[in-house]
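1. whatever this is, show me its structure:
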Amino acid sequence: MNRVARRVLPALRGALGLSLARARGVRRPYSMTYILTHRCNFRCAYCDIPDAAGFEMSTAQFQGAIDEFAAAGSSRASFSGGEVLLRDDAIAIVGHARRRGLFTSMNTNGWLVEERIAEIAEVLDMMVVSIDGPAEVHDLVRKRRRSYDRVLGAITAARARGIAVATITVISEQNRHVVPEVLDLAARHGFWAYFQPAYRDCFDHGAGLDPALDGPALRGLADELRRARDAGRPVAASPGYLDRLARGPSFGDCGACHAGRYFGTVMPDGTVVPCHLVSRDAVYPNGLEVGFARAFAEMPHPVSGPGCAISPYQETDLVFGLDPRAIGAAFTRMIHAP
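-> You can find the predicted model right below:
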């Protein structure tokens, strides 16, 4: 099976199951994100995730969670951190999802990719790499010299192996100006580029965004990305996401979000939450204690809130909300390199 078919077929299978679930009004874990670790080899200026490092499930426990969700109707498994590749068993866990027929994606800072690219290429459909701008800005935000070079190496190695690549640029006071440079890089190397605002607290969207990202700044970012998208630049965002971004700092309604209904997140300790930004809002069930499919079915869903600006969450919510522009953008990203 070629790589395009590998990306498309799970989506089509899942769409059928999702349609049935929506018709019956039941939750279905179509897409699950597995946070393998909160540990990271970077201390980025906008990120406090490493402060939460603690107990992590074993290889077998993560693989068991994947099995439960696959049996319950999952079609997609994404893996994130911290830095996923700090776990020696990361490839074994991702590979288990691949063997279950799931579309696999992995978020990484790129530092450890090149040395493991042969293993990664055997199990991964899409690599999502964090990039904060051109070299001088990226290295400043990452607080690590030559981290930009390692990101480019990761992108080049992945593309050479036929792995689809996207990047996420988290916009803060330090890099509000980098959109053109990142899009130039995306056009040269053949990947889609996402952009999203930085939060003060990675686990509490109630803490708000980076103080520099007020309403006018968000509208300016949305307008810049909209113009670039209309000009055919490799902007990954759908029009619906850009519309929501322009309405910030309120980006929708958490109560209406499909996170926790059709997609969700497994934390390193086995807790199942709608998304990481609400992980402090309530007591959520742990899959190790009650079973992962049951934890997804029984976890509380936010009843209100200002929505979030996390691009993968918003794009997924728009797709599950049957926004035709988001669905079209998703299939374009899936099939075509820019």
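2. what about the strands in the stretch 201-338 of the chain?
-> 263-266, 272-273 (DSSP state E, counting those that start in this stretch).
3. mean pLDDT, distance to M106 and mean neighbour count added to those, as JSON lines?
-> For the C-beta atoms, the positions are set from N, CA and C on the backbone; glycine is no exception. Listed next are the strands of the stretch 201-338 of the chain as JSON lines, based on pLDDT from 0 to 100; distance: least, Cβ to Cβ, whole Å; neighbours: other Cβ atoms under 10 Å:
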{"stretch": "strand 263-266", "mean pLDDT": "96", "distance to M106": "15", "mean neighbour count": "26"}
{"stretch": "strand 272-273", "mean pLDDT": "96", "distance to M106": "20", "mean neighbour count": "26"}
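4. can you redo those as JSON lines with distance to D149?
-> Rendered in JSON lines, the data for the strands of the stretch 201-338 of the chain read as follows (distance: least, Cβ to Cβ, whole Å):
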{"stretch": "strand 263-266", "distance to D149": "31"}
{"stretch": "strand 272-273", "distance to D149": "35"}
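5. and V170, that's in a helix?
-> No: remark: V170 does not belong to a helix; assigned using DSSP: H, G, I helix; E, B strand; the rest coil, it is strand.
6. what's the distance between Y241 and F251?
-> When Cβ to Cβ, to the nearest Å is applied, the distance between Y241 and F251 equals 9 Å.
7. brain fart, G54
-> 29 Å.
8. who's more crowded, those two?
-> When G54 is set against F251 and neighbours are counted by other Cβ atoms under 10 Å, the residue ahead is F251, at 26 against 11.
9. and that one, what's its pLDDT?
-> At F251 the predicted local distance difference test score is 90.
10. contacting residues around the residue nearest to it when sequence neighbours are not counted?
-> Counting by Cβ to Cβ, 6 or more residues apart in numbering, the nearest residue to F251 once its immediate chain neighbours are dropped is G307, at 3.6 Å. Contacts of G307 were listed using Cβ atoms under 8 Å, 6 or more residues apart in numbering, and they are R244, S250, F251, G252, D253, C254, C257, Q314.
11. correct me, but the third one touches S311?
-> If I follow you right, that is F251. No: with contact defined as Cβ atoms under 8 Å, F251 and S311 do not form a contacting pair (10.6 Å).
12. can you give me the strands for the stretch 51-200 of the chain?
-> Along the stretch 51-200 of the chain, counting by DSSP E, counting those that start in this stretch, strands occupy 76-80, 103-108, 126-130, 164-171, 192-197.
13. so which of those is nearest T59?
-> Ranking the strands of the stretch 51-200 of the chain by their distance to T59 (criterion: Cβ to Cβ) puts strand 76-80 first, at 12.8 Å.
14. what packs against that closest one?
-> Using 3 or more Cβ pairs under 8 Å, 6 or more residues apart in numbering; DSSP states H and E, the elements in contact with strand 76-80 are helix 3-24, strand 31-35, helix 90-99, strand 103-108.
15. least reliable of these going by mean pLDDT?
-> Note on the helices and strands packed on strand 76-80: helix 3-24 shows the lowest mean pLDDT, a mean of 58.
16. rounded mean pLDDT for stretch 279-290, please.
-> Along stretch 279-290, the predicted local confidence has a mean pLDDT of 92.
17. may I have it as PDB, with CA atoms only?
-> The C-alpha atoms that make up stretch 279-290 are tabulated as PDB, following Å, rounded to 0.1, in the frame of the first residue of the first chain:
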ATOM      1  CA  SER A 279      -6.900  18.700  32.200                       C
ATOM      2  CA  ARG A 280      -7.000  20.700  35.400                       C
ATOM      3  CA  ASP A 281     -10.700  21.600  35.100                       C
ATOM      4  CA  ALA A 282     -12.200  18.400  36.600                       C
ATOM      5  CA  VAL A 283     -11.400  14.900  37.900                       C
ATOM      6  CA  TYR A 284     -11.000  12.700  34.900                       C
ATOM      7  CA  PRO A 285     -11.100   8.900  34.800                       C
ATOM      8  CA  ASN A 286      -7.900   6.800  34.500                       C
ATOM      9  CA  GLY A 287      -7.900   4.100  31.900                       C
ATOM     10  CA  LEU A 288      -5.600   1.900  34.000                       C
ATOM     11  CA  GLU A 289      -8.300   1.800  36.700                       C
ATOM     12  CA  VAL A 290     -11.600   1.600  34.700                       C
END
